[in-house]
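>>> Using only what follows, build the 3D model:
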Amino acid sequence: MEFDRDLRSIQEARDLMRNAVAAQKQFAEFDQTQVDRICEAMCAACMANAEPLAKMANEETGFGRWEDKVLKNQLGSKIVWDSIKEMKTIGVLAEDPVSKTMDVAVPVGVVVALIPSTNPTSTVMYKTLISLKAGNAIVISPHPGAMNCILATVKVLQDAAKKAGAPDHLIQVVETPSKQSTETLMKHPDTGMILATGGEAMVRAAYSSGNPALGVGPGNGPCFIEKTARDLRQRHHLCLRAVHHRGAVLEGRGRRGTGASGRLLHDEGRKRPGREVHHESQQHHEPRHRRKRCPAHRRHGRHYHTGRHPGPAHGAHGHRERPAVQQGKTLSHPRV
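Down below sits the predicted model:
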């Protein structure tokens, strides 16, 4: 009997967690030298495949520039590993003979890693490195829009770890991703930690799963330089940051160079799709819909008709619904 996709994905998630628990128990017997050897091998493999994985991610998702993704892959592997390789993460970390206490490192067990489509390969790299460095197993839940490049990155990590002596199933990935499988992983009783990178709804779901979670939502926050600032390096660095990877930092709002703030950064000489470029000397066109005050809300002086029919994100009078506010506190946040 053929099962539906959501049921197959749920069963796969359960099987992966079962295998991860068994693998982590074997991995818990490894000493610091063995763990570092495995992580070093994974880092070297990621560096060797940084460029092909970057090109694959760019071709599959359409986000950013593959040249910048190479830098991100190097950051997620070599630079991350250089910053943690000297850390002691296995066994007794410190002892205090005066207070007669000691600090002992204890793995959380199985880490569930949620991977976005904007930076899929580099995110898989660094989450796997930091998880194994601390003696944990990892189960990766990929974004469906970056499935192929994520699977390729996981294969690179699995092969390198296996050659260095890691047990089977220490690094796994969901091959039938769905919302149900992600929810199963996040709420599984054997999940020790969730590393969630992605959109606001997904991060909130991770925090409400009942398991420990570290979440990172949309990036590309707006920047403001006060007029009295005299250091031109600030402007230079902000401009470099805006054009790097075409602004695609975390969870994007679109494709082809759309960052999390919704901005489109195009190559020099290219026009924004669907828009005409006007010079200051040219006459501005009238707006498509002349805004009119909504009679039902005329006294508020801030709600307008736009000529659109009411939709799911609009009220009965065609205007966008606003969060209810009481004493300066937002009571609800409807998606608009």
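>>> CA atoms for contacts and neighbours, from now on please.
OK.
>>> in the chain, which ranges drop under the pLDDT threshold?
Within the chain, the segments meeting pLDDT under 70 span 1, 218-221, 241-336.
>>> And the strands in it?
Applying DSSP state E to the chain gives strands spanning 91-96, 101-105, 110-114, 137-141, 171-173, 191-197, 213-216, 292-293, 304-305, 325-326, 329-330.
>>> Thr89 versus the residue nearest to Gln158 when sequence neighbours are not counted, what's the distance?
By the measure of C-alpha to C-alpha, 6 or more residues apart in numbering, the closest residue to Gln158 outside its immediate chain neighbours is Ile171, 6.2 Å from it. Going from Ile171 to Thr89 by C-alpha to C-alpha, to the nearest Å gives 19 Å.
>>> more neighbours, those two?
Ile171 (29 against 21; other C-alpha atoms under 10 Å).
>>> surely that one meets Ala137?
Yes - with contact defined as C-alpha atoms under 8 Å, Ile171 reaches Ala137; the gap is 6.2 Å.
>>> related to what we said a few turns ago, I'd like the strands of the chain laid out as CSV, including distance to Asp159.
As requested, the strands of the chain are arranged in CSV below (distance: least, C-alpha to C-alpha, whole Å):
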stretch, distance to Asp159
strand 91-96, 26
strand 101-105, 27
strand 110-114, 19
strand 137-141, 15
strand 171-173, 10
strand 191-197, 23
strand 213-216, 27
strand 292-293, 63
strand 304-305, 59
strand 325-326, 54
strand 329-330, 50
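>>> burial of Leu232, as a residue count?
8.
>>> now do Lys85
There are 16 residues near Lys85, going by other C-alpha under 10 Å.
>>> And for Gly165?
Neighbours of Gly165 (other C-alpha under 10 Å): 14.
>>> again with Leu238
So Leu238, with other C-alpha under 10 Å, has 14 neighbours.
>>> would you list every one of the helices in the stretch 1-150 of the chain?
5-27, 32-48, 50-61, 66-74, 80-84, 120-133, 147-163 (DSSP state H, counting those that start in this stretch).
>>> who does the last one touch, helix- and strand-wise?
Judged by 3 or more C-alpha pairs under 8 Å, 6 or more residues apart in numbering; DSSP states H and E, helix 147-163 is in contact with helix 32-48, helix 50-61, helix 120-133, strand 171-173.
>>> Which of those sits closest to Leu16?
strand 171-173 (6.9 Å; C-alpha to C-alpha).
>>> Parallel or antiparallel, list what pairs with the closest one.
strand 137-141 (parallel) (DSSP bridges).
>>> quick revisit: buried deepest among the helices of the stretch 1-150 of the chain, which one?
The highest mean neighbour count among the helices of the stretch 1-150 of the chain, using mean count of other C-alpha atoms under 10 Å, belongs to helix 120-133: a mean of 25.
>>> Give me the nearest residue to Met56, chain neighbours excluded.
Closest to Met56 by C-alpha to C-alpha, 6+ apart is Cys149, at 5.8 Å.
>>> If you could redo that for Val92, that was the one I meant.
Nearest to Val92 is Val104, by C-alpha to C-alpha, 6+ apart, at 4.4 Å.
>>> doesn't Asp96 make contact with the one you found?
No - Val104 is not in contact with Asp96 according to C-alpha under 8 Å; the separation is 12.0 Å.
>>> Tell me which of those two has more neighbours.
Using other C-alpha under 10 Å, the more surrounded residue of Val104 and Asp96 is Val104, with 13 against 9.
>>> For Thr118, give its distance to Glu60.
Thr118 is 11 Å from Glu60, by C-alpha to C-alpha.
>>> what about Val216, how many neighbours?
Counted with other C-alpha under 10 Å, Val216 comes out at 16.
>>> Isn't it up against Met202?
No - using C-alpha under 8 Å as the test, Val216 is too far from Met202 to be in contact (9.6 Å).
>>> Identify the contacts common to those two.
Ala196 (C-alpha atoms under 8 Å, 6 or more residues apart in numbering).
>>> Grab the nearest non-local neighbour of Met47.
Using C-alpha to C-alpha, 6+ apart, the nearest residue to Met47 is Gln74, at 6.2 Å.
>>> Can you name the residues that contact the one you found?
By C-alpha under 8 Å, 6+ apart, the neighbours of Gln74 are 46-47, 50, 122.
>>> Thr182 too?
Per C-alpha under 8 Å, 6+ apart, neighbours of Thr182: 13, 114, 141.
>>> hmm, try it at 10 Å
9-10, 13, 112-114, 140-142, 174, 188, 202, 205-206 (C-alpha atoms under 10 Å, 6 or more residues apart in numbering).
>>> next one: Thr123
With C-alpha under 10 Å, 6+ apart, Thr123 has these contacts: 72-73, 75-77, 113-117, 150, 153, 197.
>>> for those, which one is nearest Ile225?
Lys72 (26.7 Å).
>>> thought the closest one was touching Ser122?
Yes - contact criterion C-alpha atoms under 10 Å: Lys72 and Ser122 qualify, at 5.9 Å.
>>> Need the overlap of contacts for these two.
In contact with both Lys72 and Ser122: 50, 54, using C-alpha under 10 Å, 6+ apart.
>>> how close does Ile225 get to Met186?
40 Å.
>>> more crowded one of those two?
Remark: of Ile225 and Met186, Met186 carries more neighbours, 31 against 10, as counted by other C-alpha under 10 Å.
>>> I figured the more buried one was touching Pro212, is that so?
Yes - if you go by C-alpha under 10 Å, Met186 and Pro212 touch, sitting 9.3 Å apart.
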